[in-house]
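Chemist: A predicted structure for the sequence below; I have some questions about it.
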Amino acid sequence: MSIPRDFRPPPTGAETPIVPWRLNPRVVLGVGLGAWIASYALAQITVSDVGIPALFLPTGVGVGLLLRLPGRMWWWVLGAMLATDVGGGTVLGLATFEVAAIWGVSNAVQVLALAFLLRRAKVDMSRPRDPVVLAAVAAVVTAIVAVVGSLSLASVSDVDATRFWADWWGSDVLSVVLVVPLILLLGRASPPRGRRALEALAWFVVALAGLLVQFAGFVYPALPVWVWLIVATPLVVLYSLRFGLLAMSLFLLGMDWIAASLTAWGVGPFQELALGDGTPMRTLQLVLLVIAVSVQSVSLMVSRSLRHSTMMAGQQALLDAILEESPIATALLAPDCLQITRTNRAFRELLADTGPSDLPSYFPAGERDAVTQFLKDACPTRETRTGEFAAVDPSGDPLQVRLRVVAVAADDFDRYGTLRSGANVARLVLAEDMTDVRRRESRLRHEAVTDPLTGLANRRQLVHVLEATLPAASPTSVVSLSYIDLDGFKDVNDRFGHAVGDQVLRHVGQRLSQTVGADELAARSGGDEFVIITSGLADRSEAQVRAEHLLEALLNDPEVSWAVGASVGVALTTDPAQTAEALPQRGDRLMYAAKESGGSCVIVDH
């Protein structure tokens, strides 16, 4: 059974596999430091142009780089940051040594603290809570570092500590929230390719056009921007589900960079949306921060849910296929343990292509009550119950079917194995065709107790029946053992060969089987010796009459009499303590006595 045709998995971008990033750490270090220096340079350019590091502060790059590297390599990153901040700022004349040193140390401490806490919190952008934890840790750590750093800078320069602290905090938290997820997703998620890449670009262009229209002031600047943000938030979530989390992070970063840059240049409706005494840039940073965190969390939550649904759908399809194609005939029963809710192919091939709705009806009328009782007895327990019943296959041939009932429940049995009240339990019925097994067992049992040449009982069966018969011996129920030996059989073998001798033995066996009664056992003791066991005789005379009848039947059979005669010794007992070894020995002696008397006669024990 294959996966249903109407089954469609969700977009693959929402279930992008998470795999380890296998790049060499040295390569990561080199590329990461290059990205950090570039972001640092853009931050300095932005500060010198518009007086505010809108979105380019390298904090997010530094934190993401540390999270991607082993702890032993952190000092390379921190050392490079300090050297660039202190040395670069001083050499290029961007700041005095004191200002550059305070700035560099503050950034290094901030990045180190964030990376340490985020690693302890195991933030890896795989759970819906990770963006919230990331934003919360960044907000607290950056606030502390920004306050201490701004006050320190104010003590050695003319920096407005209050304004600088707010700018520092807003830009760095937004940088962490946007850049760190992007770096963490690299290597674990793939960007869209081919047609999806074109679709993703088209989404980006449409969103960019909406931003430009809003920020260029072609429409009323206040209400439309909020409407745009409200509509855009679920659209970005859909974007992440369609093109993947990595593409969504790039999308957010691009859109937020454009929004922050336009606002920093004094363009757009956010100039009119300042909160309290803040600036439009601070307002925008707060709005973008809330949107980024909520979009990331919701996207992760929905992606995880879709992955789980896809996994469950795939597992269900696989389980359905396994059940249908299983070589073990299986049926699922309703809670009443009688009605069938589902069968697999093997079950239908075994019992019926389109069978009845209840399991007992699959069996002949004489077996249905037994099957019903078996199922009702098996229903309340968790133990596997087994029963064997007669049935017929779809073509009407008789079957011997073994049923096993297995109760399956998910956490609905207590520790003692008792089914909890109201539990939703599935019961499996496993049906196995035992016809060939039982036939083989019957054949083996028959071969084990049957002489292969004559078809009579063999010596093993003879001893077994004798042991079971002797305890019933009594003065009114005589047990007799007629020991028969063929006269002249050796001459037949010598003159005509063993093939003819075997043919004579088979005819003797057939004649004895036709002559003995239903209460008697005819056995071949070995060679040309045969034994007849008779129980329930009234007296010695009845035993003699039966023995003479046997002898007469052999002597009057032309297939036997032409070649051999027979000497019969009949041992009798009324003692229930008589042993199964002693009675044949007595019969053997009496048989030899008959041979010595000339053969073809009967001698009965006295």
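Modeler: Sure thing, it's come through. Numbering: from 1, shown residues only.
Chemist: look up how far residue 588 lies from residue 597.
Modeler: With distances taken as C-beta to C-beta, to the nearest Å, residue 597 is found 15 Å from residue 588. The way it works is simple: take the backbone N, C-alpha and C, and place the C-beta from them, glycine included.
Chemist: in terms of neighbours, single out the busier of these two.
Modeler: residue 588 (18 against 12; other C-beta atoms under 10 Å).
Chemist: test my guess that the more buried one contacts residue 483.
Modeler: Yes - counting by C-beta atoms under 8 Å, residue 588 does reach residue 483; the two are 5.5 Å apart.
Chemist: which neighbours do the two have in common?
Modeler: residue 569 (C-beta atoms under 8 Å, 6 or more residues apart in numbering).
Chemist: look up how far residue 546 lies from the residue nearest to residue 515 when sequence neighbours are not counted.
Modeler: Excluding its sequence neighbours, the residue lying closest to residue 515 (C-beta to C-beta, 6 or more residues apart in numbering) is residue 553, at 4.4 Å. Distance, residue 553 to residue 546, by C-beta to C-beta: 11 Å.
Chemist: distance from the chain centre to the helix or strand where residue 242 lies, please.
Modeler: Using DSSP states H and E, residue 242 maps to helix 223-243. Distance of helix 223-243 from its chain centroid, counting by C-alpha atoms, centre = their mean, to the nearest Å, is 39 Å.
Chemist: could you check the angle helix 223-243 makes with the helix or strand immediately after it in the chain?
Modeler: Using DSSP H and E, the helix or strand that follows helix 223-243 in sequence is helix 245-264. Helix 245-264 and helix 223-243 are oriented at 160 degrees to each other (axes from the mean of the first three to the mean of the last three C-alpha atoms, to 10 degrees).
Chemist: which helices and strands sit right next to helix 245-264?
Modeler: helix 161-185, helix 195-215, helix 223-243, helix 280-325 (3 or more C-beta pairs under 8 Å, 6 or more residues apart in numbering; DSSP states H and E).
Chemist: and the angle from it to helix 280-325?
Modeler: Using the same axes, to 10 degrees: helix 245-264 against helix 280-325 is 170 degrees.
Chemist: shift numbering so it begins at 487
Modeler: All right, first residue 487 from here; so that's helix 731-750.
Chemist: which parts of helix 731-750 are buried?
Modeler: 731-739, 741-742, 744-750 (16 or more other C-beta atoms under 10 Å).
Chemist: just the buried positions in the helix holding residue 728, please.
Modeler: Within helix 709-729, judged by 16+ other C-beta under 10 Å, the buried ones are 711, 714, 718, 722-723, 725-729.
Chemist: cool, stretch 636-645 as well?
Modeler: Using 16+ other C-beta under 10 Å as the test for burial, stretch 636-645 gives 636, 638-640, 645.
Chemist: surely residue 948 touches residue 1015?
Modeler: No - using C-beta under 8 Å, residue 948 is not in contact with residue 1015, being 10.7 Å away.
Chemist: who has more neighbours out of those two?
Modeler: Taking neighbours as other C-beta under 10 Å, residue 948 and residue 1015 compare with residue 948 leading, 26 against 18.
Chemist: list the beta-bridge partners for the nearest residue to the more buried one once chain neighbours are set aside.
Modeler: Distances taken as C-beta to C-beta, 6+ apart place residue 1009 nearest to residue 948, at 4.0 Å, with adjacent residues excluded. When bridges are called by DSSP bridges, residue 1009 pairs up with residue 943, residue 1017.
Chemist: give me the neighbour count for residue 1009.
Modeler: 26.
Chemist: which residues of the stretch 587-736 of the chain score low on pLDDT?
Modeler: Under the criterion pLDDT under 70, the flagged ranges of the stretch 587-736 of the chain are 697, 700-714.
Chemist: err, the chain, not the other one
Modeler: In the chain, residues with pLDDT under 70: 487-509, 532-542, 575-581, 697, 700-714, 753-764, 839-842, 868, 895-911.
Chemist: quick one, strands of it?
Modeler: Listed in chain order, the strands of the chain (DSSP state E) span 815-819, 826-829, 871-878, 884-894, 912-919, 964-973, 1006-1012, 1015-1023, 1051-1059, 1088-1090.
Chemist: quick one: strands adjacent to the second one?
Modeler: Looking back up the chat, that one is strand 826-829. By DSSP bridges, strand 826-829 pairs with strand 815-819 (antiparallel).
Chemist: show me the contact partners of the strand it pairs with.
Modeler: 809, 825-830, 832-833, 835-837, 845, 861, 891, 912-919.
Chemist: buried subset of the residues you listed?
Modeler: 809, 826, 829-830, 832-833, 836-837, 845, 861, 891, 913-919.
Chemist: next, the buried residues of stretch 860-869.
Modeler: 860-861, 864-865.
Chemist: restricted to helices, list those residues.
Modeler: 860-861, 864 (DSSP state H).
Chemist: and those residues as a markdown table, adding distance to residue 619?
Modeler: Output for these, formatted as a markdown table (distance: C-beta to C-beta, whole Å):
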| residue | distance to residue 619 |
| --- | --- |
| 860 | 58 |
| 861 | 54 |
| 864 | 52 |
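Chemist: for those, which one is nearest residue 671?
Modeler: Nearest to residue 671 among those is residue 864, at 53.0 Å by C-beta to C-beta.
Chemist: quick one, what contacts that closest one?
Modeler: Residue 864 is in contact with 823, 871, 891, 893, 913, counting by C-beta under 8 Å, 6+ apart.
Chemist: same check on residue 947?
Modeler: So residue 947 contacts 935-936, 1007, 1009 (C-beta under 8 Å, 6+ apart).
Chemist: check those residues and tell me the two furthest apart.
Modeler: 936 and 1007 (11.9 Å).
Chemist: what's the overlap in contacts for the two?
Modeler: Common contacts of residue 936 and residue 1007, defined by C-beta under 8 Å, 6+ apart, comprise 943, 947.
Chemist: export stretch 550-570 as CSV, just CAs?
Modeler: Only the C-alpha atoms of stretch 550-570 are listed here, as CSV (Å, rounded to 0.1, in the frame of the first residue of the first chain):
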residue,chain,number,x,y,z
GLY,A,550,26.8,34.9,16.5
LEU,A,551,30.4,34.2,15.7
LEU,A,552,31.2,33.2,19.3
LEU,A,553,28.2,30.9,19.3
ARG,A,554,29.4,29.2,16.2
LEU,A,555,33.0,28.7,17.5
PRO,A,556,34.4,26.5,20.3
GLY,A,557,35.3,28.2,23.5
ARG,A,558,39.0,27.9,23.0
MET,A,559,38.7,30.3,19.9
TRP,A,560,36.7,33.0,21.6
TRP,A,561,39.8,34.9,22.6
TRP,A,562,40.8,35.4,19.0
VAL,A,563,37.5,37.1,18.3
LEU,A,564,37.6,39.2,21.4
GLY,A,565,41.2,40.2,20.8
ALA,A,566,40.4,41.2,17.2
MET,A,567,37.4,43.2,18.4
LEU,A,568,39.5,45.0,21.0
ALA,A,569,42.3,45.7,18.5
THR,A,570,39.9,47.1,15.9
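Chemist: can you give me the buried ones in that stretch?
Modeler: For stretch 550-570, by 16+ other C-beta under 10 Å, it's 550-555, 559-560, 562-564, 566-568, 570.
Chemist: equivalent analysis for stretch 785-797, please.
Modeler: 785-786, 788-789, 792-793, 796.
Chemist: make CSV from those and add distance to residue 987 to it.
Modeler: Below are the buried residues of stretch 785-797 laid out as CSV (distance: C-beta to C-beta, whole Å):
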residue, distance to residue 987
785, 94
786, 91
788, 90
789, 88
792, 84
793, 82
796, 79
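Chemist: thank you, goodbye.
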